[in-house]
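[1] Mind looking at a prediction? Sequence and model below.
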Amino acid sequence: MPYSAASPVTEAIYARLQDATLLATLTGGVHDDVPQTPTYPFAWLEMFREQDARGLGTGGLPEIEFRTHVFSQFGGMAQAQEANRLIVGLLKDYALTVTGYAMCGHIFYRETVTLPDEEINGIKCHEAVSIFTVFVEDNA
């Protein structure tokens, strides 16, 4: 039985975000770590929290909260918001294929927060953060 679903869920989400339209907008790509010297605009996939939501039964029912961050240097939020719109469109209500797990329903889109004055390595940028939740069940 797997101990953490974070890695296989990350792989499945990352694969979903390799969409041609999204990558044409995010010329800096999609990363699981913020690059030291990024090319803008880019997205960062953050696995935020995993907890077991199984209740009193056996097996596992991981609930995973993850966040997508879009960073842009464009004047204003339009570029970050457009890339974020594409990400939400790709992930919201989508059923992932996760190695070792069965998807329970679809990805839940929770909310988007915009942060207009962020800084990466001393460079001002704009950030749009979207929060999602996914439930997967052990295939044990």
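    Cool, got the structure.

[2] Return the list of strands paired to the longest strand along the chain, each annotated with direction.
    For the chain, the strand that runs over the most residues, judged by DSSP state E, is strand 123-138. If you go by DSSP bridges, strand 123-138 pairs up with strand 62-72 (antiparallel), strand 101-103 (antiparallel), strand 108-120 (antiparallel).

[3] which stretch among those comes nearest Asp138?
    strand 101-103 (6.4 Å; CB to CB). For glycine as for every other residue, the C-beta is placed from the backbone atoms N, C-alpha and C.

[4] what residues does the closest one touch?
    Applying CB atoms under 8 Å, 6 or more residues apart in numbering, the external contacts of strand 101-103 come out as 2, 5, 8-9, 62, 95-97, 134-139.

[5] Try it again at 6 Å.
    With CB atoms under 6 Å, 6 or more residues apart in numbering as the test, strand 101-103 has contacts from 5, 95-96, 136-137, 139.

[6] And for stretch 16-24?
    With contacts defined as CB under 6 Å, 6+ apart, stretch 16-24 is touched by 30, 86, 90.

[7] Which of these fall in helices?
    86, 90 (DSSP state H).

[8] Buried ones from the contacts of stretch 16-24, can you make that a PyMOL selection?
    Typed into PyMOL, the line below selects the buried ones among the contacts of stretch 16-24, using 16 or more other CB atoms under 10 Å:
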select buried, resi 30+86+90
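
[9] show me what contacts Thr99?
    Residues near Thr99 by CB under 6 Å, 6+ apart: Pro8.

[10] if we can go back for a sec, among the strands paired with strand 123-138, show me which one is buried the most.
    Ranked by mean neighbour count under mean count of other CB atoms under 10 Å, the strands paired with strand 123-138 are led by strand 62-72, which reaches a mean of 22.

[11] Noted, bye for now.
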